[in-house]
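Undergrad: Please find the sequence and the predicted model below.
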Amino acid sequence: MAKSRARLRVQLISARGVFDAAQRLTRPDTAQTPDAVQPASELKKLSLEELFGLEVTSVSRKPEKLSKAAAAFHVVTDEDIRRSGALSIPEALRDIPGVEVARVNSNQYAITERGFNGTVANKLLVLMDGRSVYTPLFSGVFWDVQDTFMEDISRIEVIRGPGGTVWGANAVNGVVNILTKSAEETQGLLVTGGGGNEQQGFGGVRYGGELGDGAFFRVYGKYFNRDDSALPSGVDAGDRFQMGQTGFRIDSSASTPDRVTVQGDLYDGTTNQSVAPDVDLQLASLRRKDDFLHKRTQNLSGSQSGCLGISL
């Protein structure tokens, strides 16, 4: 029997963070321009024509309208991620048409597009802020370590279909481009946390501030503790997984139109694995040899009795 899943998520925003954000939005010099990413409340007021006019960058590696993008394309916004309750990037990809997401155990995922899925699937190019995150070991992705502060994700752009002419050899079946918000968009203090019987405990803290004229920063830290997955028999698989991660980002736009971004992440985690008992290969080989000789003797005795029966 599979384990039931339940989780509780609590999000707290400091009053100072809300006040600072409201103050920045009301100031003329920092108000959002028409080209900036609009909040969900504004997107609801747009017509279908205006929605198709949203700009994407993953198809041709330059800004273009979604309606004119020559590809099977899907965009997951930060509001979609918030409403889905996804606590990790693989979980945020589950509702995208054409993307196959399978959780193998407590820490491993198998994700691909257009079939041939597996933990070593290597026909999908995954980018984070335009940087490829594949491993040279098998040209695939270790999804258990591809993580970030979920509230920092601006949107996820997904291309279904070959994209090798633009992105290179890894984009055989599609492209997943994860774009995060700038440090300027994440000012103030944000605290998240929760727990349940599957994701037994998770929490995160993020703080953003201003360094100087046109320079902003943010730092974050997060941690989660995931329970063992369940085998088909209902027994725990013994693969408990826990991981902590911290990171930073600095954005500077002092010299228009140039923009400089510096960011980094550090993670550490542990996972349990079920290990089979040691097997003596020499003893196993002797046992197989004895079984073979025993079956051979039985076959010979059977054929001899048959010959005697015919001769009589």
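TA: Structure's in. What do you need?
Undergrad: excluding its backbone neighbours, what's nearest residue 135?
TA: In space, and not counting its chain neighbours, residue 135 is closest to residue 142: 5.8 Å by C-beta to C-beta, 6 or more residues apart in numbering. Where C-beta positions appear, they are placed from N, C-alpha and C, glycine not excepted.
Undergrad: Helices of the stretch 101-250 of the chain, residue ranges please.
TA: Using DSSP state H, counting those that start in this stretch, the helices of the stretch 101-250 of the chain run over residues 164-167.
Undergrad: can you list the weak-confidence ranges in it?
TA: Judged by pLDDT under 70, the stretch 101-250 of the chain has its weakly predicted residues at 163-165.
Undergrad: distance of residue 180 from residue 147?
TA: To residue 147, residue 180 is 12 Å away according to C-beta to C-beta, to the nearest Å.
Undergrad: okay, and the common contacts of those two?
TA: Common neighbours of residue 180 and residue 147, using C-beta atoms under 8 Å, 6 or more residues apart in numbering, do not exist here.
Undergrad: returning to that earlier point: any idea how many residues pack against the residue nearest to residue 135?
TA: 15 (other C-beta atoms under 10 Å).
Undergrad: What separates the first and last residues of stretch 206-223, distance-wise?
TA: When the termini of stretch 206-223 are compared using C-alpha to C-alpha, to the nearest Å, they are 12 Å apart.
Undergrad: Equivalent analysis for stretch 74-89, please.
TA: Per C-alpha to C-alpha, stretch 74-89 runs 15 Å from first to last residue.
Undergrad: swap in stretch 248-260?
TA: End residues of stretch 248-260 are separated by 14 Å (C-alpha to C-alpha).
Undergrad: Let me see the contact set for the spatially closest residue to residue 252 that is not a sequence neighbour.
TA: For residue 252, ignoring the flanking residues on the chain, the nearest one in space by C-beta to C-beta, 6+ apart is residue 215 at 4.2 Å. Listed by C-beta under 8 Å, 6+ apart, the contact set of residue 215 reads 250-254.
Undergrad: Please spell out the PyMOL selection for the buried subset of those residues.
TA: Selecting only the buried entries of the contacts of residue 215 in PyMOL, with 16 or more other C-beta atoms under 10 Å as the criterion:
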select buried, resi 250+251+252+253
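Undergrad: so of the contacts of residue 215, which ones are in strands?
TA: Mapping the contacts of residue 215 onto strands (DSSP state E) picks out 250-252.
Undergrad: about what we covered before: mind putting the contacts of residue 215 in JSON lines, distance to residue 93 included?
TA: Below are these laid out as JSON lines (distance: C-beta to C-beta, whole Å):
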{"residue": "250", "distance to residue 93": "28"}
{"residue": "251", "distance to residue 93": "26"}
{"residue": "252", "distance to residue 93": "31"}
{"residue": "253", "distance to residue 93": "31"}
{"residue": "254", "distance to residue 93": "36"}
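Undergrad: right, and residue 266 touches residue 247 too?
TA: Yes. Residue 266 lies in contact with residue 247 (C-beta atoms under 8 Å); the separation is 6.8 Å.
Undergrad: what about the two, which has more around it?
TA: residue 247 (19 against 10).
Undergrad: still on that earlier bit, format the ones in strands among the contacts of residue 215 as a markdown table; extra columns: distance to residue 162.
TA: Formatted as a markdown table, the ones in strands among the contacts of residue 215 follow (distance: C-beta to C-beta, whole Å):
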| residue | distance to residue 162 |
| --- | --- |
| 250 | 36 |
| 251 | 33 |
| 252 | 37 |
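Undergrad: between those residues, which is nearest residue 129?
TA: residue 251 (11.4 Å; C-beta to C-beta).
Undergrad: can I assume that closest one is in contact with residue 211?
TA: No. Applying C-beta under 8 Å, one finds residue 251 not in contact with residue 211, separated by 9.4 Å.
Undergrad: quick one: common contacting residues for these two?
TA: Common neighbours of residue 251 and residue 211 (C-beta under 8 Å, 6+ apart) are residue 217.
Undergrad: got any residues that touch both of residue 266 and residue 247?
TA: Common neighbours of residue 266 and residue 247 (C-beta under 8 Å, 6+ apart) do not exist.
Undergrad: coming back round to it: gap between the residue nearest to residue 252 and residue 209?
TA: 10 Å.
Undergrad: What ranges does the stretch 151-300 of the chain have for its strands?
TA: 153-160, 174-180, 188-196, 199-212, 215-226, 241-252, 260-271 (DSSP state E, counting those that start in this stretch).
Undergrad: before we move on, back to that, can you pull up the bridge partners for the residue nearest to residue 252?
TA: residue 212, residue 252 (DSSP bridges).
Undergrad: Appreciated, that's everything.
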